[in-house]
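Trainee: for reference, the sequence and a predicted model appear below.
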Amino acid sequence: MLAIKKGIAARVRARRKEGGLPQVELAAKSGVSLGSLKRFENKGEISLTSLIKLAIALGYENDFAALFERKNYQSLDEVIDEANFK
């Protein structure tokens, strides 16, 4: 789990730097405290709400839409079951 958290934090940091945003600017733009942003970039620790705020500020909010999408259907029955579930 730690590797996943740190990987996400590293990608957020990379996107922030690509956009030329200092931490203080991203914190202000997103509404996430500077301390929370620093802790996230260093330790990977952040609330889901703050992570979503950062994603919105960086223009990556649509990445959450695919987070738990069904990957591949194994049979036609799975397609039908999912259609009936909705």
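Mentor: That came in fine, so what should we check first? Numbers count the residues shown, from 1 in each chain.

Trainee: going forward, measure contacts between C-alpha atoms and count neighbours the same way
Mentor: Fine.

Trainee: for this structure, what helix or strand is lowest in average pLDDT?
Mentor: None of the helices or strands of the chain scores lower by mean pLDDT, DSSP states H and E than helix 76-85, at a mean of 74.

Trainee: helices of the protein, residue ranges please.
Mentor: Counting by DSSP state H, the chain has helices at residues 2-18, 23-30, 34-43, 48-58, 76-85.

Trainee: tell me which of those lies nearest to Arg70.
Mentor: helix 76-85 (9.3 Å; Cα to Cα).

Trainee: pull the CA atoms of that closest one into CSV?
Mentor: Taking Å, rounded to 0.1, in the frame of the first residue of the first chain, the C-alpha atoms of helix 76-85 are listed here in CSV:
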residue,chain,number,x,y,z
LEU,A,76,-21.9,-12.3,-21.9
ASP,A,77,-23.5,-13.1,-18.6
GLU,A,78,-21.3,-10.6,-16.8
VAL,A,79,-22.4,-7.9,-19.3
ILE,A,80,-26.0,-8.7,-18.6
ASP,A,81,-25.5,-8.9,-14.9
GLU,A,82,-23.9,-5.4,-14.9
ALA,A,83,-26.7,-4.0,-17.0
ASN,A,84,-29.3,-5.3,-14.6
PHE,A,85,-27.3,-4.0,-11.6
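
Trainee: quick one: contacts of the least confident helix or strand of the chain?
Mentor: Tyr73 (Cα atoms under 8 Å, 6 or more residues apart in numbering).

Trainee: re the thing from before, distance to Phe64 and mean neighbour count added to the helices of the chain, as CSV?
Mentor: As requested, those are exported to CSV (distance: least, Cα to Cα, whole Å; neighbours: other Cα atoms under 10 Å):
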stretch, distance to Phe64, mean neighbour count
helix 2-18, 12, 15
helix 23-30, 16, 17
helix 34-43, 18, 17
helix 48-58, 8, 17
helix 76-85, 20, 10
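
Trainee: which of the ones you listed has the lowest average pLDDT?
Mentor: Sorting the helices of the chain by mean pLDDT places helix 76-85 lowest, at a mean of 74.
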